[in-house]
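Undergrad: what's the 3D shape of this:
(chains A and B)
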2 protein chains.
Amino acid sequence: MTFASAGTLGVVPSKRDELVAHLTQRSDILSQIGCLAYEVGVSDGDLETVFVMELWESAEAHQASLALPEVQASIAAARPLLSGAFGGFRFNVVGSPLRD
Amino acid sequence: MTFASAGTLGVVPSKRDELVAHLTQRSDILSQIGCLAYEVGVSDGDLETVFVMELWESAEAHQASLALPEVQASIAAARPLLSGAFGGFRFNVVGSPLRD
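TA: Sure, this is the predicted structure:
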């Protein structure tokens, strides 16, 4: 069952663009391990937040990704840019009006 | 610029499945008006919420969709199922590690 995660990452002041650059760095491994979509963005009204929308083949694929050395290294590299504020939600995809 | 919306819809008790069925009803018009993704889901831990993750070609395409008679009719039909609790966030997509 497709797993979805929509998250907000609080960023250290003036580090938003740096975090966006980090999160959008091309990664071939993500699709190999079941990541179907990983959209990163910003909002003009909130300079201290980076937004991420993810779809994974399953909750298990997402969970397993967190243990990968490449992913752990990426998280460690992002840590100095994060304020510690996190938000968002996760859910299991049931369907879409765009497909049968 | 791709526009993203991640939302939570509070549902009237016992109406969750009905709202999911409503939101996932096949709609050809959505993709015609710039909807790139519309994922609907639930979470085992929260029986009173339906989750929606949307991607649109632009914020303007999303905004324009709300004025369409078909979309307005759909919103009106969903209203009796909604508790009035809404959450989530919107952002402009800057990029993805899955593509250059």
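Undergrad: now do the strands in chain A.
TA: Counting by DSSP state E, the segments of chain A that form strands are A:3-11, A:35-43, A:46-56, A:82-95.
Undergrad: what about the last one, near chain B?
TA: I take that to be strand A:82-95. Yes: using C-beta under 8 Å from any C-beta of the partner chain, strand A:82-95 reaches chain B at A:Gly87, A:Gly88, A:Phe89, A:Arg90, A:Phe91, A:Asn92, A:Val93, A:Val94, A:Gly95. (C-beta placed from N, C-alpha, C; glycine too.)
Undergrad: show me the longest helix that occurs in chain A.
TA: Across chain A, the helix with the greatest residue count (assigned by DSSP state H) is helix A:69-78.
Undergrad: which other helices and strands does that one contact?
TA: Applying 3 or more C-beta pairs under 8 Å, 6 or more residues apart in numbering or on different chains; DSSP states H and E, one finds that helix A:69-78 contacts helix A:16-23.
Undergrad: can I get the helix it packs on as CSV, trimmed to CA atoms?
TA: The C-alpha coordinates for helix A:16-23 follow below in CSV (Å, rounded to 0.1, in the frame of the first residue of the first chain):
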residue,chain,number,x,y,z
ARG,A,16,16.4,27.8,3.7
ASP,A,17,18.0,27.8,0.3
GLU,A,18,20.8,25.6,1.5
LEU,A,19,18.4,23.0,2.9
VAL,A,20,16.4,23.1,-0.3
ALA,A,21,19.6,22.5,-2.4
HIS,A,22,20.5,19.7,-0.1
LEU,A,23,17.2,18.0,-0.3
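Undergrad: of the residues of strand A:82-95 next to chain B - the most surrounded one?
TA: Neighbour counts for the residues of strand A:82-95 next to chain B, by other C-beta atoms under 10 Å in any protein chain shown, peak at A:Phe91, which reaches 26 neighbours.
Undergrad: my guess is that residue meets B:Phe51, correct?
TA: Yes: A:Phe91 is in contact with B:Phe51 according to C-beta atoms under 8 Å; the separation is 3.9 Å.
Undergrad: which neighbours do the two share?
TA: Counting by C-beta atoms under 8 Å, 6 or more residues apart in numbering or on different chains, the residues touching both A:Phe91 and B:Phe51 are A:Ala4, B:Gly41, B:Val42, B:Ser43.
Undergrad: any idea how far B:Asp44 is from the residue nearest to the last one when sequence neighbours are not counted?
TA: By that I understand B:Ser43. What sits nearest to B:Ser43 in space, not counting adjacent residues and going by C-beta to C-beta, 6 or more residues apart in numbering or on different chains, is A:Phe91, at 4.7 Å. As judged by C-beta to C-beta, to the nearest Å, A:Phe91 and B:Asp44 stand 9 Å apart.
Undergrad: could you list the low-pLDDT ranges of chain A?
TA: Within chain A, no range satisfies pLDDT under 70.
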